[in-house]
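Asker: After the sequence you'll find the predicted model.
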Amino acid sequence: MHKPTGTPRRRARRLGIAAALAWTLYVAPLPFAPAHAANHDNNVEWDGLFHDQGPLYDNHPEPTAAQAVTLTLRTYKYDATSINIKYYDSADGTFHWVAMAWTANDATGNFDDWQGTVPASASAKYYRFQINDGSATAWYNAAGTYAAEPSLGDFFILPGFKTPDWMKHGVIYQVFPDRFYNGSTANDVQSGQYTYAGCATEKHAWGSSVLPNVNGCNSAVFFGGDLAGLDQKLGYIKNTVGADILYLNPVFLSPTNHKYDTEDYMTVDPAFGSNATLQQLIASMHGTANGPQGYVILDGVFNHTGDTHAWFDRYHWWSATGAHESQSSAWYGWYTFQNWPNTYSGFFGIASMPKLDYGASGSAVRNAIYGSATSVVQAYLKSPYGIDGWRLDAAQYLDAGGNEGSDATNHQIMAELRRAVKAANANAGILGEFWGNAGPWTAGGKEWDSAMNYDGFMQPVSEWITGKDYNGNAAAIPASQFDSWLRGTRANYPANVQQSMSNALGSHDVTRFGYRAGGDLWKTHLALIFQMTYVGTPTVYYGDEYGMQGGADPDNRRTFDWSQGSTANSAVALTRKLTGIRNAYPALRTGSFLTLFTDDTNKLYAYGRLDAAHRIAVALNNDSTSHSITVPVWKMSVTNGSTVTELLSGTVHTVSNGSVTLTVNGHYGAILAQ
Ligand code: CA
């Protein structure tokens, strides 16, 4: 066992300032003192411990191999006798110890800061803290505080791993293109225009039912939305919603409305426009004519193609000979046939979505999708398109030999894909689709920048606020469980991935938030306040900002109701205000996240976001009635007599007894900034 050390000089500095007097002052009952006054009493006060990789506690959250990382841990004042960083270095496969030194007290006199430095090197490292008070020891890492040393949940140091700043600092707007806005009726798919998989196309009027007239033909229903419509509505997206990143569901040639069965990756579907229309839309997003500079993420469906792709050509739509047409096809080996032609590997066995066989490194499929200069992935990252990132559909399943991925080959493919993306544009982003803990694709810093945060955002938010999971089934959780769920899932990811995770209330694959909320728009208000003040990239699925209704697929893909698409809708107005607040305060994007309290009885939750410039407390009321909430801002070292501004109302409050007390309406929140 390691024996804790502390130099006499360091101890002398801590206690040297008229130690006896300071001691007396400290134990005198401060009105906002911690419940247990800290002392050298062989008892580490867990409540006072705090560290994360925000700028106040980690001087290089994205270090290079040449940058040492200085870490700060906070305790209650006089609580600890010694503190150590214990880190695992992947270079030598062993643990190392760094003794921390006391450096400062906070402005309120409640806390001590201790610092230690992990030396620079290129290797990945993982760290936890050992906090000692005499004979007592506590351990602290990203996942929690422990009496016994933990083996999981350490903080990450991944030299050279950088996620794009525009993802950390942006707001995503996700659009299912057929359903957002019809900018050109000339390209609309008409009823009976073509038949695919036994379903004739159906043209439905905007605002009418998404259900098909013919059973089982969900994917054949078209409304006419297109890229020109998006281009015409960028002012709404950028200025009204306040989003600067556009994530589009698939836009490439495909016979279905969802286009997750690609027929040609290099051609924009004519119902959405043309390749030139896509270029125009990207240029408009990048430009500033309709609002701030923006970014575009396209949906890359690379696990499988559609069965109408020329490479496969099940229905003989192409003149070239596809794999389904002949075993002599140039593309025969691009798919996995168990018994040619009709038994082959498909996405979840779906025959219309034959899986690509990625083979080994350097294979023709890998080159076509991402490996060559003319590959799909690289072509759209470069001129004349210049997209800013790829969302990878069903990313865990990409594999060789018809296998279902999540194995060594899948990770090899993802690492190669990342290198190809970053070589084409070092500032491009990779957003993976995964529904659980996406740590296996992000924790090494070599594959994705971000993932769809079903696990660490959408599900807990839905269960706490609506009492239902994202599928609409009953699953209520109290505030304390909400908070611990959030901490646990943050711990799965390096801090720069946490800050880039795509945090949405809904998507094209789950029920609408407004539906789970039972049509109560106040729950959307509360969810928006949390979404825009939490760690990760807020992601607005078109219409969620006004409380759009809809059950499971395809009902979650209704047409946008433009009578609601303005600040006349209170939730849209709130969205606009919140994105403005988020943009104004870096602490809400890259600052620390500190739980202030949970109250299961009254359904209250409060947390802080802080950096060197600002301390922001967010108080949420998940009850249906208003509550008077006392927010303990002293936990963020906000001093008595100073003022904080509630950003939604503009009301100024003076801090007294270490806290601010205010009334918060049911299903609403307060954002107190200093
Ligand atoms: Ca159209």
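Answerer: Everything's here; your move. Numbers count the residues shown, from 1 in each chain.
Asker: I'd like the secondary structure assignment at the closest residue to the ion within the stretch 451-600 of the chain, please.
Answerer: Taking CB to the ion, the ion has its nearest neighbour within the stretch 451-600 of the chain at Thr559, 11.9 Å off. Backbone N, C-alpha and C define where each C-beta goes, glycine included. Following DSSP: H, G, I helix; E, B strand; the rest coil, the label given to Thr559 is coil.
Asker: Equivalent analysis for Asp455, please.
Answerer: Here Asp455 is helix, with the state taken from three-state DSSP.
Asker: Next: Tyr173.
Answerer: Under three-state DSSP, the three-state class of Tyr173 is strand.
Asker: Is it in contact with Ala243, as I believe?
Answerer: Yes: using CB atoms under 8 Å, Tyr173 is in contact with Ala243, at 3.7 Å.
Asker: Spell out which residues are contacts of both of those two.
Answerer: Counting by CB atoms under 8 Å, 6 or more residues apart in numbering, the contacts common to Tyr173 and Ala243 are Ile237, Val540.
Asker: wait, what's in contact with the spatially most central residue of the chain?
Answerer: Closest residue to the average C-alpha location of the chain: Met501 at 1.8 Å, with CA atoms, centre = their mean. By CB under 8 Å, 6+ apart, Met501 lies in contact with Ser450, Ala451, Met452, Asn453, Gly456, Phe457, Tyr493, Val535, Gly536, Thr537.
Asker: wait, doesn't the last one sit right on Trp166?
Answerer: Think Thr537. No: at 9.4 Å, Thr537 and Trp166 do not qualify as touching, with contact defined as CB under 8 Å.
Asker: Mind checking which of the two has more residues around it?
Answerer: Comparing Thr537 with Trp166 by other CB atoms under 10 Å, the one with more neighbours is Thr537, at 26 against 19.
Asker: Could you tell me which helix of the protein is the longest one?
Answerer: In the chain, assigned by DSSP state H, the helix with the most residues is helix 408-424.
Asker: Please list the residues outside it that contact it.
Answerer: 358, 361, 366, 369-371, 375, 377-378, 381-382, 389-390, 392, 395-400, 403, 428, 430, 432, 440-441, 446-448.
Asker: Of those, keep whichever come out buried.
Answerer: For the contacts of helix 408-424, a neighbour count by 16 or more other CB atoms under 10 Å gives the buried set as 358, 366, 369-371, 375, 377-378, 381, 389-390, 392, 395-400, 403, 428, 430, 432, 440-441, 446-448.
Asker: Out of these, which sit inside strands?
Answerer: In strands, defined here by DSSP state E, the members of those are Gly389, Trp390, Leu392, Ile430, Gly432.
Asker: what's the distance between the second one and Ile282?
Answerer: From Trp390 across to Ile282, the span is 13 Å (CB to CB, to the nearest Å).
Asker: the strands in the stretch 551-674 of the chain, which residues?
Answerer: 592-599, 604-610, 615-621, 627-631, 643-646, 652-654, 660-664, 668-673 (DSSP state E, counting those that start in this stretch).
Asker: contact partners of the third one?
Answerer: Strand 615-621 is contacted from outside by 526, 529-530, 533, 585, 587-588, 591, 596, 602-610, 627, 629, 631, 633, 636-638, 644, 660, 662, 664-674, using CB under 8 Å, 6+ apart.
Asker: Likewise for the last one?
Answerer: Residues external to strand 668-673 that are found in contact with it (CB under 8 Å, 6+ apart): 522, 525-526, 529-530, 533, 581, 585, 614-621, 629, 631, 633, 644-649, 653, 660, 662, 664.
Asker: Let me know the average pLDDT across that strand.
Answerer: The pLDDT scores in strand 668-673 average 98.
Asker: Now do that strand against strand 615-621, angle only.
Answerer: 170 degrees (axes from the mean of the first three to the mean of the last three CA atoms, to 10 degrees).
Asker: Pairing partners for strand 668-673, with directions?
Answerer: strand 615-621 (antiparallel), strand 643-646 (antiparallel) (DSSP bridges).
Asker: Right, I'll leave it there.
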